[in-house]
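1. build me a model from this:
(chains A and B)
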Protein chains: 2
Amino acid sequence: DTSTGVASYYWQGQSTASGERFNPSAMTAAHRSLPFGTKVRVTNLRNGRTVVVRINDRGPYVRGRVIDVSRAAASELGFTNSGITRVALAVMN
Amino acid sequence: DTSTGVASYYWQGQSTASGERFNPSAMTAAHRSLPFGTKVRVTNLRNGRTVVVRINDRGPYVRGRVIDVSRAAASELGFTNSGITRVALAVMN
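-> Predicted structure coming up:
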């Protein structure tokens, strides 16, 4: 189920699928299907760190990847070195 | 994998497998194998709420159940009415 899987992160690019300028320091993320504006808690299953991101972009289009978070989110989650990690996703409601 | 599954909660009982008195208002939980004292982030996959609990008891011994949290933790996670929910577990390190 899509509530867990691999997360990656990105820091380049100017615009997002939502039309917003991409800001690598914002707590945002790309997801294949969740509506723009959805708040999602992302928990790094390797160290228990957690953030809430706002979906403002589409992707990642790599099998097994469930979310692509901004560099700022990846840094708080503690996986900027490895570049990917296993996460749990939970829509905030 | 055991990083996600169903959680339940409990509020009765005097002693825990670790020898500590059970306190339903403490942020503690029972797990089948994690060492006593382990800190685990529990995220309710239904609403994104999250707590960190300390393992001080053993159980639950019900197939598919991965953790049994105290009433206080269940209340913060927002599932005291339903009694069970799907969670993600991440050991804090």
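2. excluding chain neighbours, give the residue nearest to residue A:54 in space.
-> residue A:28 (5.2 Å; C-beta to C-beta, 6 or more residues apart in numbering or on different chains). Backbone N, C-alpha and C define where each C-beta goes, glycine included.
3. mind checking pLDDT for that neighbour?
-> In this model, residue A:28 is scored at 97, pLDDT.
4. burial measure for the closest residue to chain B within chain A, as a count.
-> Nearest residue of chain A to chain B: residue A:88, at 3.1 Å (C-beta to the nearest C-beta). Using other C-beta atoms under 10 Å in any protein chain shown, residue A:88 has 27 neighbouring residues.
5. in which helix or strand does it reside?
-> Assignment of secondary structure by DSSP states H and E places residue A:88 within strand A:84-91.
6. name the residues of that strand that come out as buried.
-> Neighbour-count burial for strand A:84-91, counted by 16 or more other C-beta atoms under 10 Å in any protein chain shown, picks out A:84-91.
7. pairing partners for the host helix or strand of residue A:68, with directions?
-> Here residue A:68 sits within strand A:65-70, counting by DSSP H and E. Here strand A:65-70 has these sheet partners by DSSP bridges: strand A:4-10 (parallel), strand A:28-30 (antiparallel).
8. one step back: in this structure the residue nearest to residue A:54 contacts residue A:73, no?
-> Yes. Contact status for residue A:28 versus residue A:73: in contact at 7.4 Å, counting by C-beta atoms under 8 Å.
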